[in-house]
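Q: Here is a sequence together with a model predicted from it:
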Amino acid sequence: MTVIPPGSTLGILGGGQLGRMTAQAAARLGYDCVILTPEEDSPAARVAREAIVAPYDDPAALEMLARIADAVTVEFENVPAGVLEILASHIPTRPGRMALETAQDRIREKAFFNTVGIDTAPWRPVHTARDLRAALADLGTPAVLKTARLGYDGKGQIRLEAGSDPAAAWEALNTDAAILEGFVDFSMEISVIVARGPDGHMETYDAVQNIHTNHILDTTIAPAPLPAGQRAAARLMARNAAEALDLVGLLALEMFVTPDGHLLANEMAPRPHNSGHWTLDGCVTDQFEQLVRAVCGLPLGLTAPTVHEARMTNLLGESAADWAAILSDPTAKLHLYGKRAARPGRKMGHVTRLKPHM
């Protein structure tokens, strides 16, 4: 196993807040970071040693990154998968192409879950309006039609009811690949983040509850208010997925909890995750440091919580302007992402409120 020691340079594909917090964690361990992003003046670039501003698949930019960095990781999953293969021919690139390609495409993702024995909501692949009509006949309504690629935070989704017009829905989605997902009656949405090193060793964070507003994560509660056995089952599901992908880095697995306690995988992300931000203030090792450790081949840190409960709330749009009031709360830990302009629904920061052990 190749260890990338402190003092080396870590490349990060993506310049958003996840890249920013990864670069900050890397700096604490003595690494420099170089960011490759198409975005000028990105949040990550402002805390890194260097930024390469270019498309992710720009050959000259990739050559420069491979020359400067000693290892590479990603801050989001929608980097062209072929880019990882190019970089991997020069330097350690983690996660690998398989994990990225699987998470990028909902058809591949659902098929992967089912192949490795992880339950999901009933679903069907859809490539035409005719496929959609057949899928609706199989699954019934209500159901959710989702683009196979690039949809997030509720984008690229259409809910279909008994009277919905399949042809109109298909035309509105404007894609050539989608899934139809049967409606799930769930009592809670949860997620688990697992870290896996190059040697296969894994460390898993506790399951957390996620509360969404308008399809965007609003609040994460750690730990999830579930029996210990159920949280353990969720952690095992995430570990099984990471192992099946031969992943090196982080994997976040989002799940539904049904009223009878069954766990259904919803989607996964092979990178740091919004629902793991609480770990910055509530765990021995936060998710961003854990990513750096995994990618660089360092021993993984403990994931044990250091508080009784943590509640992370996203600060969207102008809500980040309430920083003074937030800082007046002694239980609150404020994290702002340095984004220049606030827009409705844009993640500008987060605040985690901690409840210490008694």
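A: Yep, that arrived. Numbers count the residues shown, from 1 in each chain.

Q: The nearest residue to Met188 once chain neighbours are set aside: neighbour count?
A: Leaving aside its chain neighbours, Met188 sits nearest to Val257 (4.3 Å; criterion: CB to CB, 6 or more residues apart in numbering). No exception for glycine: its C-beta is placed from N, CA and C like everyone else's. Close neighbours of Val257, defined as other CB atoms under 10 Å, add up to 21.

Q: what's Val257 in contact with, if anything?
A: Shown here is Val257, whose contacts under the criterion CB atoms under 8 Å, 6 or more residues apart in numbering are 186-190, 226, 230, 263.

Q: ok, now Val116?
A: Contacts for Val116 were tallied using CB under 8 Å, 6+ apart; they are 240-241, 244.

Q: And the helices in this structure?
A: Applying DSSP state H to the chain gives helices spanning 17-28, 59-68, 81-88, 97-104, 106-115, 129-139, 166-173, 228-244, 279-282, 287-296, 323-327.

Q: Quick check: which of those helices is nearest to Thr37?
A: helix 17-28 (7.4 Å; CB to CB).

Q: per-residue confidence averaged over that closest one?
A: Averaging pLDDT along helix 17-28 gives 98.

Q: Also stretch 150-169?
A: 83.

Q: Name the residues that touch it?
A: 78, 106, 129, 132-133, 136, 141-147, 172-173, 175, 180, 214-216, 345.

Q: picking up where we left off before, may I see the contacts of Val116 arranged in a markdown table, with distance to Pro356, pLDDT and neighbour count as well?
A: A markdown table is the format used below for those (distance: CB to CB, whole Å; pLDDT from 0 to 100; neighbours: other CB atoms under 10 Å):
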| residue | distance to Pro356 | pLDDT | neighbour count |
| --- | --- | --- | --- |
| Asn240 | 33 | 98 | 16 |
| Ala241 | 33 | 98 | 25 |
| Ala244 | 38 | 97 | 17 |
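
Q: Just give me the closest of those to Arg293.
A: Ala241 (19.8 Å).

Q: Skipping adjacent residues, who's closest to the closest one in space?
A: Once flanking residues are discounted, Ala241 sits nearest to Leu253: 5.7 Å by CB to CB, 6+ apart.

Q: Model confidence at the one you found, what's the number?
A: Confidence for Leu253, expressed as pLDDT, is 98.

Q: I'd assumed Val192 was in contact with it.
A: Yes. Using CB atoms under 8 Å, Leu253 is in contact with Val192, at 5.3 Å.

Q: Neighbours of Ala162, how many?
A: Ala162 has 8 nearby residues by other CB under 10 Å.

Q: And it, its phi and psi?
A: Main-chain dihedrals, Ala162, degrees, to the nearest 10: phi -60, psi -40.

Q: cool, Trp278 as well?
A: Taking degrees, to the nearest 10 as the convention, Trp278 sits at phi -60, psi -20.

Q: Start at 27, not 1
A: Yes, from this point I'll number from 27; that puts the last item at Trp304.

Q: Next up, the contacts around it.
A: Taking CB under 8 Å, 6+ apart, one finds 234, 246, 248, 336-338, 378 in contact with Trp304.

Q: Now neighbour count, distance to Gln183 and pLDDT too, for the residues you listed, in TSV please.
A: Shown next, in TSV, are the contacts of Trp304 (neighbours: other CB atoms under 10 Å; distance: CB to CB, whole Å; pLDDT from 0 to 100):
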residue	neighbour count	distance to Gln183	pLDDT
Val234	29	23	98
Thr246	25	21	98
Ala248	25	27	98
Ala336	25	29	98
Arg337	20	27	98
Met338	28	24	98
Thr378	22	28	98
